[in-house]
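K.L.:
predicted model follows, preceded by the sequence.
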Amino acid sequence: MNISTLVQLIWLFSAISLIILVLLHSPKGDGIGGIGGQAQLFTSAKSAETTLNRITWALTIIFMGLTVILSAGWLPR
């Protein structure tokens, strides 16, 4: 296993994890509940949401960085 294959595996893992984490996020919009004022009934700052945001941003940076490295051809084959 060379370095290029290892980087590709990390890139693939970060892509799949990023898709899963984005799907786990709660919606930010009020939706139809905002019409009757019900949207503010359940709004509270949650630690889980903050942690989920931080992990998502970290995986996004890893994914984008590896995308640039892999597409530029900077790694030996």
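P.N.:
That came in fine, so what should we check first?

K.L.:
I62 contacts S14, doesn't it?
P.N.:
Yes: contact status for I62 versus S14: in contact at 4.9 Å, counting by Cβ atoms under 8 Å. Every C-beta, even on glycine, is put in place using the N, C-alpha and C of the backbone.

K.L.:
higher neighbour count, these two?
P.N.:
In this view I62 and S14 are compared by other Cβ atoms under 10 Å, and S14 has more residues nearby, 20 against 17.

K.L.:
name the nearest residue to that one, sequence neighbours excluded.
P.N.:
Setting aside the residues directly before and after it, S14 is nearest to F63 in space (Cβ to Cβ, 6 or more residues apart in numbering), at 4.4 Å.

K.L.:
go on, H25?
P.N.:
Leaving aside its sequence neighbours, H25 sits nearest to L52 (Cβ to Cβ, 6+ apart; 6.4 Å).

K.L.:
could you report the pLDDT at A48?
P.N.:
The predicted local confidence for A48 comes out at a pLDDT of 79.

K.L.:
by contact count, what packs against the strand or helix carrying it?
P.N.:
Using DSSP states H and E, A48 sits within helix 47-72. Contacts defined by 3 or more Cβ pairs under 8 Å, 6 or more residues apart in numbering; DSSP states H and E place helix 47-72 against helix 3-24.

K.L.:
give me the buried positions along the helix it packs on.
P.N.:
Taking 16 or more other Cβ atoms under 10 Å as the basis for neighbour counts, the residues of helix 3-24 that come out buried are W11, S14, L18, L21.

K.L.:
Serialize the residues you listed to CSV and add fields for pLDDT and distance to T67.
P.N.:
Putting those into CSV (pLDDT from 0 to 100; distance: Cβ to Cβ, whole Å) gives the following:
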residue, pLDDT, distance to T67
W11, 98, 7
S14, 98, 9
L18, 96, 11
L21, 92, 17
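
K.L.:
identify the residue spatially nearest to S26, adjacent ones excluded.
P.N.:
Among residues not flanking S26 along the chain, E49 sits closest, at 6.6 Å (Cβ to Cβ, 6+ apart).

K.L.:
the inter-axis angle of the helix or strand of the chain with the lowest mean pLDDT versus helix 3-24?
P.N.:
Every helix and strand in the chain was compared by mean pLDDT, DSSP states H and E; the lowest is helix 47-72, with a mean of 93. Here helix 47-72 points in a direction 150 degrees away from that of helix 3-24 (axes from the mean of the first three to the mean of the last three Cα atoms, to 10 degrees).
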